[in-house]
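S.K.: Model the structure of this input:
(chains A and B)
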Amino acid sequence: MIWIDTLFPLGWQHYLLGGLTIGAGVALLYLFNGWVGGMSTVFSSSWSYLFKRPFFQQERFLNSRHWRLVYAAGVVLGALVWRFALADGQAQHTSVPVWQLLLGGFAVGYGARLGNGCTSGHGICGLGSLQLPSLGAVLTFMATAFLTANLLRLA
Amino acid sequence: MTTHTLTLPKALVTLLAGALFGFGLSLATMTQPEVVIGFLRLQDWGLMLVMGGAAGLALLAYKGLPRWLKRPLLGGEFLTQPTPWNRQTLLGSAIFGMGWGLSGVCPGPAIAALGTGNTEVLWALLGIVLGGLVQGLSTRD
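M.R.: Got it, this is the predicted structure:
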């Protein structure tokens, strides 16, 4: 099965297991609470605590702003558990330059909120509820991300 | 009590759901920008397994649970979050993708970086926080 090594040079099991764990979290939130757990809305809804502009005071943000912060805290907690249970407590590092992280992050935050979702909102929750607009969003961001990452390699 | 009320039991489930999300992201190495960029450069297709596995379970939950149960186990109702296909979704997703390709970071892993201790990725988290603010401030009410 050489194609497996070609497609997944670092192995494939941890990817599938990790993806299923993420899916289990999303399913649990729906089973017990009935809520759809995309990750990027917290970056709009949390600003409603500080800004009184009508945009941030939309009902959909006010309704969910508390639980979205708890959900985000859970993500930090889960990453901490992973770090101390499976990674000897070592902190991760990246060699991606700071300007790429900061500028890229800004575009990620702006774009995800303008487009109403990110990799989890459209890619997991949107596709998981069979929404065609989310499929359009996923294909769009995959295409521009592919172009950007490859142009950057050539530059 | 409305559909959205955050009771203590619901808060605990939300925290646990988030923890599974963050643990899964870390286990799948999605918290490492290099792995994401490697996928976008077609060197490693792992991200497809992550997204496929997660979306598969989400599909089961979103389509199955409302048929099998009358309401969520802790009360309220099964919400849906329909999104329109319009110029903003297209433009926003295109911009999101450019940022994702540039940084290798998206919102979930940026938050998880607070747990994995990847201090460099916190620059991306700062960018996302500011990007979300500017998007809101620049939207006409």
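
S.K.: Show me the helices in chain A, by range?
M.R.: For chain A, helices defined by DSSP state H occupy the ranges A:2-7, A:13-33, A:42-45, A:59-86, A:98-114, A:127-128, A:132-154.

S.K.: For B:L47, find the nearest of those.
M.R.: helix A:13-33 (7.4 Å; Cβ to Cβ). Where you see a C-beta, it was placed from the backbone N, CA and C, and this is true even at glycine.

S.K.: which SSE is B:L20 in?
M.R.: Using DSSP states H and E, B:L20 sits within helix B:8-27.

S.K.: low pLDDT regions in the chain?
M.R.: Here I'm looking at chain A. Along chain A, no part satisfies pLDDT under 70.

S.K.: Oops, wrong one, chain B.
M.R.: With pLDDT under 70 as the threshold, chain B has low-confidence stretches at B:1, B:141.

S.K.: how about 80 then?
M.R.: Low-confidence segments of chain B, defined by pLDDT under 80: B:1-2, B:140-141.

S.K.: Do a quick rundown of the strands in chain B.
M.R.: Counting by DSSP state E, chain B forms no strands at all.

S.K.: Would you point out which residue is most central in it?
M.R.: The residue lying closest to the centre of chain B (Cα atoms, centre = their mean) is B:G108, at 4.9 Å.

S.K.: Next, give phi and psi for the residue nearest to that residue when sequence neighbours are not counted.
M.R.: Excluding its sequence neighbours, the residue lying closest to B:G108 (Cβ to Cβ, 6 or more residues apart in numbering or on different chains) is A:M39, at 4.4 Å. Phi and psi for A:M39, reported as degrees, to the nearest 10, are phi -100, psi -20.

S.K.: same question, A:Q92
M.R.: Here is the backbone geometry of A:Q92 (degrees, to the nearest 10): phi -80, psi 160.

S.K.: Likewise for B:G104?
M.R.: Dihedral pair for B:G104: phi 70, psi 20, per degrees, to the nearest 10.

S.K.: again with A:L10
M.R.: The phi/psi pair for A:L10 (degrees, to the nearest 10) reads phi -100, psi 10.

S.K.: Which residues are in contact with it?
M.R.: Taking Cβ atoms under 8 Å, 6 or more residues apart in numbering or on different chains, we find A:L10 in contact with B:T29, B:V35, B:D44, B:G46.
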